[in-house]
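# Let me see the structure of the following:
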Amino acid sequence: MRDPEEQLRETLDVLATSVVASPDAYAKARSEWQRRERRRRLIMLVLALLIVAAADVVGLWALNSLSAPPPPHAPGGDPVEIVIQP
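Residues are numbered from 1 along each chain as shown. Model prediction:
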């Protein structure tokens with residue numbers, strides 16, 4: 001009976017001799033990886049810009065809604081001047 005390790009080694013050797021390496025496999029894999037990396041960075045940039053824009057809109061809306069109330073008006077419709085003496 002043969003050693004299982006030896007059988008496995010022979011099987012893997014036969015398998016390795018039947019494999020044909022593609023000469024441009026590394027270049028293809030690297031270009032695909034770079035394309036995915038560029039796409040990931042672009043998506044992250046767009047998301048960051050959207051978050052900043054949304055925060056700006058919410059902040060401006062909050063500032064506008066909390067602005068000073070309009071000056072008081074007299075019963076006749078004319079604005080009332082408030083004079084403060086020192």
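# In which helix or strand does the most centrally placed residue in the chain reside?
What sits nearest the mean C-alpha location of the chain, by Cα atoms, centre = their mean, is Met44, with 2.4 Å. Using DSSP states H and E, the element containing Met44 is helix 25-65.
# From the chain's centroid, how far away is that helix?
4 Å (Cα atoms, centre = their mean, to the nearest Å).
# what ranges of this structure fall below the confidence cut-off?
Along the chain, segments meeting pLDDT under 70 span 1, 68-80.
# Please report how far Ala54 lies from Ala48.
Counting by Cβ to Cβ, to the nearest Å, the gap from Ala54 to Ala48 is 11 Å. Every C-beta, even on glycine, is put in place using the N, C-alpha and C of the backbone.
# same check, this time on Gln7
Applying Cβ to Cβ, the value for Gln7 to Ala48 is 56 Å.
# Give me the neighbour count for Leu63.
Neighbourhood size, Leu63 [other Cβ atoms under 10 Å]: 9.
# Leu50 versus that one, what's the distance?
Separation of Leu63 from Leu50 (Cβ to Cβ): 20 Å.
# One more: Ser65?
For Ser65, the distance to Leu50 equals 22 Å [Cβ to Cβ].
# Which one's more surrounded, those two?
Under the neighbour definition other Cβ under 10 Å, Ser65 and Leu50 were set side by side, and Leu50 has more, 10 against 7.
# what residues are up against that one?
If you count contacts by Cβ atoms under 8 Å, 6 or more residues apart in numbering, Leu50 has none.
# Also Leu15?
By Cβ under 8 Å, 6+ apart, the contact set of Leu15 is empty.
# Helix or strand: which one has it?
Per DSSP H and E, Leu15 falls inside helix 4-18.
# do Val20 as well
Secondary structure assignment for Val20, by DSSP H and E: no helix or strand.
# circling back: ok now the helix holding Leu15, how far from the chain's centre?
46 Å.
# Based on its surroundings, how many neighbours for Ala48?
Look at Ala48: counted by other Cβ under 10 Å, it has 10 neighbours.
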